[in-house]
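K.L.:
I'll drop the sequence and a predicted model, then ask my questions.
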Amino acid sequence: MSVRRALAVAATTAALLGGGLVAAAPAGAAAAAICDGWGATGTPGDIAGAYAHGTTCLITSGDAAGRVDVRTYLKDTAKDGMSACVQIHATYADGNSRDEWFYNYGGVGAEWDVFHTFASSVRQIWVREGRGTGGVCTVMAGGVHVIYAN
């Protein structure tokens, strides 16, 4: 086993046992991250018929240090003819923002996931669940759930 692979395995094991430090291997170099789980259920970003949850990781070393990785899992939970969707909104230090929309085409019971990386200048990331048809979110939660703030 290579030294790089051994370090990644050791850091991943430590993360699983210690609950916070996770290793990834981006572009040839191991990087450490501080990760937190999140879920929109029971927050202002929650809406019936969708279940969004995931992890937010602040990369703390390596070439990607300072960047924020967000993994989102989205499940359609209602047999209502609509599909689950989620909006992931990031605000940056320069005042710009970025929206990512994730739509679950799998039907009721299906859970899909997506991964996004945000620049180190990101200051806040929030999510809100929704429902829609034809790949368009038409009904959204009335509020948002902040999953990262710097």
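P.N.:
That came in fine, so what should we check first? The model shown is predicted, which means the values in this text are computed figures rather than measured ones. Numbers count the residues shown, from 1 in each chain.

K.L.:
list the buried ones in the helix or strand hosting Arg128?
P.N.:
Using DSSP states H and E, Arg128 maps to strand 122-133. Across strand 122-133, burial judged by 16 or more other CB atoms under 10 Å covers Val122, Arg123, Ile125, Trp126, Val127, Arg128, Glu129, Gly130, Arg131, Gly132. All C-beta spots, glycine's among them, are computed from the backbone N, C-alpha and C.

K.L.:
let's have those in TSV, adding distance to Gly106 and pLDDT.
P.N.:
Shown next, in TSV, are the buried residues of strand 122-133 (distance: CB to CB, whole Å; pLDDT from 0 to 100):
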residue	distance to Gly106	pLDDT
Val122	29	98
Arg123	33	98
Ile125	24	98
Trp126	24	98
Val127	19	98
Arg128	20	98
Glu129	15	98
Gly130	16	98
Arg131	14	98
Gly132	14	96
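
K.L.:
where does the protein dip in pLDDT?
P.N.:
1-30 (pLDDT under 70).

K.L.:
which stretches in it count as strands?
P.N.:
Using DSSP state E, the strands found in the chain span residues 21-24, 31-39, 50-59, 68-76, 83-92, 97-103, 111-118, 122-133, 136-140, 145-149.

K.L.:
quick one: list the elements packing against the fourth one.
P.N.:
Read that as strand 68-76. Counting by 3 or more CB pairs under 8 Å, 6 or more residues apart in numbering; DSSP states H and E, the packing neighbours recorded for strand 68-76 are strand 50-59, strand 83-92, strand 111-118, strand 122-133, strand 145-149.
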